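Chemist: Have a look; sequence and predicted model below, questions after that.
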Amino acid sequence: MLPSRTGLQQQQSFVRPLWRWCRRLLCSCSSSDIRPSRAHGWRPESRAAATPSKQRLKQALPRQHQYLITCHPGLEQVAAKELQQPWLLEYAQNVEAVAPGRVKFASRTLAGGYAAALNLRSATRVLQLIHEEQLDPYTAAGDTVYKATRGAAAWQQLLGPGQTLGVHCVHLRNNSNITNSQLVSRRVRDAVCDAVRDARGVRPSPPEGAPDLPLAFQLLSDNLQLFRDLGGGSLHRRGYRQGATVHKAALNEAAAAGLLLLADWQDKAQHAAAGSVLADPMCGSGTFLIEAALIATNAAPGLLRNSSTMIGRPPHHIWPFMGWHDYDDWQWQLLLNAAQQRAEQGQHHWNQSGGQLLGNDISKGALELAQKAATKAGMSGVISLHQGHCKDWQPAQTPNMVVANPPWGLRLLPAAAGEESRHGNPSSISGRQRRGGLYQQQQPQQQEPVDDNLMDAWQELSVFLKGQCQGAEAWVLSGNPSVTQHLAMRSCKKRSVSIGGQKTAWLKYEVRRPSKQSADNR
């Protein structure tokens, strides 16, 4: 007896779902990629996302490279803003000022780190993250650092045959059982050298000069971060003071550039309809003027490292990343050519705008240092220097912006500006200077007596501002509130910046034009 029509429909409604289930089972068993079950946390993806071509495309996308920028505390927003410039914006994503003196960003390519090291003015270091790990606070300090570092990377690949290693501390604070940066440096160095020896049979030799692979570490609240240092040292060393004597009270280059950017000098110099005139009545060895010239002409500070000022040094000692296994020369050359083109266009624009950079100092020796440095930087043609007392100086053209670092009774620590302390913020010097990868205590800061000469300097600056700079804005650096009163002016803006281990104030004054009545009385 044949089944009824209704019975056939019921059988088909049961067989078809069963057949679909069996076909899916056979297909899944024939595939080498068995998906986990829902019980193991798997959730079905869309059909488009599951196609092999989409999966291969996702795997081919470059991973994110994480970077940490260090600068003087108080300039982190300046450094973050620099990373958002058009020629850096395409390389830097997720820019964030994470702490005083520290800014992080991500990049899809190694060119992001190259571009930051080449173009950033206020940065002291550009560090590429290698590894991050939370340390066990119940394990011996040296052992946990050694274990974390040993497995952090394929060190025999990062450190090539015959290459040397250097380790320095960026920041160390609030850890359970680690308070000594020298211990961490030694254990990091031991772990890397042991890993290379086990893989290659030869332990790396100590560096005689600049290391081929400069490593940096940061240890905060038991969280260890290991970095590669792209600049191999503080980026404030532009190169235009290479081999030259430095004025004893000179401001370091990264700090000077950051203060100028904080005062919006870049916008005034590059976007003003008429030429901007910047004056430094107490210019010393000319750091403010040279950095202002580099900003005005849009010259990347890293270009000076590739110029004749660095002749005699191997390229990988100027930029350590040029000797690394993953160095991308094509990307680096593209960045250099683009920076050179911007500098040439910026120089032409500055010359056409009629802008001027004017400097004055009472010391002949300081002016000679300023002239030599400006020549090495290629900026001697845009800077005019004058010798004489500040109060007697009459610039050829009335400045619309004045910057000054007058004496205020405390000298900033020399040379090592931009180096990091063990307990302080990155780039804040606390009397420690690198030597052989470790730190040694320096002499305490030199306190100058607050005498009549100090007060006279500020009074002379006041005379100059009120007599020669009417209608201008003046930015003055001071680390001593008691001496600023001799300027006899009230600041309208204050920015706190730590430079050379000293908390300073970057003060803005608006120099008022004399009223009509006072002008008539004269």
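Modeler: Arrived safely, thanks for sending.

Chemist: how many neighbours does Asp326 have?
Modeler: 8 (other C-beta atoms under 10 Å). (C-beta placed from N, C-alpha, C; glycine too.)

Chemist: and the gap between it and Gly471?
Modeler: Distance, Asp326 to Gly471, by C-beta to C-beta, to the nearest Å: 54 Å.

Chemist: Then Leu304?
Modeler: Going from Leu304 to Gly471 by C-beta to C-beta gives 34 Å.

Chemist: and if you look at Ala141?
Modeler: Taking C-beta to C-beta, one finds Ala141 at 60 Å from Gly471.

Chemist: Neighbour count for the two, which is higher?
Modeler: Between Ala141 and Gly471, Ala141 has the larger neighbour count (other C-beta under 10 Å), namely 19 against 11.

Chemist: Can you list phi and psi of that one for me?
Modeler: Main-chain dihedrals, Ala141, degrees, to the nearest 10: phi -60, psi -50.

Chemist: shouldn't it be in contact with Ser181?
Modeler: No - Ala141 lies out of contact with Ser181 (C-beta atoms under 8 Å); the separation is 11.5 Å.

Chemist: ok, the longest strand along the chain: who's next to it in the sheet?
Modeler: Counting residues, the longest strand in the chain under DSSP state E turns out to be strand 123-134. Applying DSSP bridges to the sheet, strand 123-134 is found paired with strand 65-71 (antiparallel), strand 223-229 (antiparallel).

Chemist: With mean pLDDT, mean neighbour count and distance to Ala116 as added columns, please give these in TSV.
Modeler: As requested, the strands paired with strand 123-134 are arranged in TSV below (pLDDT from 0 to 100; neighbours: other C-beta atoms under 10 Å; distance: least, C-beta to C-beta, whole Å):
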stretch	mean pLDDT	mean neighbour count	distance to Ala116
strand 65-71	96	25	7
strand 223-229	97	21	12
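
Chemist: With distance to His171 as extra columns, can I get those in JSON lines?
Modeler: Formatted as JSON lines, the strands paired with strand 123-134 follow (distance: least, C-beta to C-beta, whole Å):
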{"stretch": "strand 65-71", "distance to His171": "8"}
{"stretch": "strand 223-229", "distance to His171": "9"}
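
Chemist: Please identify which of the ones you listed is closest to Trp393.
Modeler: strand 65-71 (32.5 Å; C-beta to C-beta).

Chemist: coming back round to it: what angle separates the helix or strand just after the longest strand of the chain from strand 123-134?
Modeler: Sequence order places helix 141-150 as the next helix or strand after strand 123-134, per DSSP states H and E. Interaxial angle, helix 141-150 versus strand 123-134 (axes from the mean of the first three to the mean of the last three C-alpha atoms, to 10 degrees): 100 degrees.

Chemist: Which positions in helix 141-150 come out as buried?
Modeler: Neighbour-count burial for helix 141-150, with 16 or more other C-beta atoms under 10 Å as criterion, is recorded at Ala141, Gly142, Thr144, Val145, Tyr146, Lys147, Ala148, Thr149, Arg150.

Chemist: Just the residues contacting the following helix or strand past it, thanks.
Modeler: Following helix 141-150 in sequence order, the next helix or strand is helix 155-158 (DSSP H and E). Outside helix 155-158, the residues that touch it by C-beta atoms under 8 Å, 6 or more residues apart in numbering are Ile130, Val192, Ala195, Val196, Ala199, Arg200, Leu213, Arg228, Trp324, His325.
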